[in-house]
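Asks: Structure of the sequence below:
(one chain, ligands or ions: 1)
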Amino acid sequence: MPNIDSSAVIRKAVIPAAGMGTRFLPATKAMPKEMLPVVDEPAIQYVVEEAAAAGLTEIVMVTGRNKRALEDHFDRAVELEGMLEEKGRFDLLAAVRESTEMANMHYVRQAHPRGLGDAVLTAAAFVGDEPFAVLLGDDLIDPRDPILPDMIAAHKKFGGTVLALMEVPVSEISLYGAAAVAPIAPTAGFENVVRITGLVEKPPVESAPSNFAVIGRYLLTPEIFEVLEKTKPGRGGEIQLTDAIQELTQRPDRGGPVHGVIFTGRRYDTGDKLGYLQAVVKLAVEREDLGPSFSAWLRKFVQELAE
Ligand code: G1P
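Replies: A predicted model of the protein is given here:
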């Protein structure tokens with residue numbers, strides 16, 4: 001049986017942010033893709049807010065070349081803050097300070113981006129010997145539908161590794177890590193939890209084990225690092241986190257078992273241009289300040305498109 005220590009508080013999160021952002025060139029030529037604004041907040045800030053809201057207040061970002069803006073964004077901006085204070089713009093001052101005060105930010109640099117698995121391995125020294133979360137910046141989970149609290153509860157109940165899963169149309173499964181799943185014994189409060197018996201990174205539709213896609217939220221234990229050290233490059237010649245977790249599905253006592261929490265809330269893929277635009281529109285519509293006037297304009301615009 002896995003060693004379940006339900007008293008362990010999960011407080012560390014790893015956010016890989018070393019990717020080149022080629023899908024958004026030329027916008028990302030001199031700016032990290034994580035800084036692209038979703039309404040008026042960089043995409044990455046939503047992810048940090050999500051982590052902090054779940055009690056993950058020690059956050060390490062795995063960065064690389066061209067990522068200095070990330071560190072600046074989560075740091076104090078003394079001159080700017082002084083200017084806003086002088087002008088009495090306390091609303092903006094609070095907005096500027098928010099990104100600094102949410103969590104304790106740390107940075108490690110991945111010298112040669114060799115895949116998501118390698119990025120997570122870069123954070124090993126920071127993580128040390130405790131369970132931790134990984135949040136991928138391209139997946140934006142709507143703040144009204146948090147998934148991390150359910151994942152933390154599942155980790156406390158079952159031990160081991162917990163991933164967020166989402167059902168996607170079969171035709172889209174090749175864009176994701178795909179999970180083979182099995183039901184767990186009925187457990188009150190854990191109706192949305194399944195056992196993951198296998199994982200494949202971006203399989204062809206014909207051989208996908210299911211249409212359950214891994215979305216970018218993982219709760220891992222330090223055992224993942226010894227596996228990642230030995231994980232050979234997989235799909236795309238990269239060291240895949242999915243491949244390492246697949247290994248854990250076969251060893252329930254060390255890093256396993258692996259469970260999935262099925263997410264049914266609102267999620268946007270901001271790593272993709274279409275998903276990014278959808279996120280901006282949907283979140284703008286929901287905003288108290290912008291929503292009413294933006295929605296009115298949008299209704300009219302859509303009507304004109306249909307004519
Ligand atoms: C990564 C993971 C993949 C996962 C996806 C979720 O892929 O490798 O398993 O399903 O994130 O967004 P990427 O989209 O970075 O290629």
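
Asks: Show me the shaky parts of this structure.
Replies: 1-8 (pLDDT under 70).

Asks: residues in it within reach of the ligand, list them.
Replies: The chain has residues 116, 136, 138-139, 176-177, 201, 213-216, 242, 271 near the ligand, with proximity defined as Cβ under 6 Å from any ligand atom. C-betas here are computed from N, CA, C, even on glycine.

Asks: can you put the residues you listed in TSV and add neighbour count, secondary structure and distance to Glu50?
Replies: Listed next are the residues of the chain next to the ligand as TSV, based on neighbours: other Cβ atoms under 10 Å; DSSP: H, G, I helix; E, B strand; the rest coil; distance: Cβ to Cβ, whole Å:
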residue	neighbour count	secondary structure	distance to Glu50
Leu116	26	helix	18
Leu136	22	coil	11
Asp138	21	coil	13
Asp139	24	strand	10
Tyr176	23	coil	19
Gly177	26	strand	20
Glu201	22	strand	24
Ala213	22	strand	19
Val214	24	strand	17
Ile215	21	strand	12
Gly216	24	strand	11
Thr242	23	helix	21
Gly271	21	coil	16
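
Asks: Could you dump those residues into CSV and include distance to Val78?
Replies: Below are the residues of the chain next to the ligand laid out as CSV (distance: Cβ to Cβ, whole Å):
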residue, distance to Val78
Leu116, 35
Leu136, 31
Asp138, 31
Asp139, 33
Tyr176, 42
Gly177, 42
Glu201, 44
Ala213, 43
Val214, 41
Ile215, 37
Gly216, 33
Thr242, 42
Gly271, 33
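
Asks: ok, the residues you listed vs Gly128, which is closest?
Replies: Distance to Gly128, by Cβ to Cβ, is smallest for Leu116 among the residues of the chain next to the ligand, at 20.3 Å.

Asks: So the closest one is in contact with Gln240, correct?
Replies: Yes. Leu116 is within contact range of Gln240, at 6.5 Å (criterion: Cβ atoms under 8 Å).

Asks: which residues does the residue in the chain positioned nearest to the ligand bridge with?
Replies: As assessed by Cβ to the nearest ligand atom, the ligand sits closest to Gly177 within the chain, at 2.6 Å. The partner list for Gly177 in beta bridges (DSSP bridges) reads Glu201, Val214.

Asks: Distance of Leu219 relative to Val62?
Replies: Using Cβ to Cβ, to the nearest Å, we find Leu219 at a distance of 17 Å from Val62.
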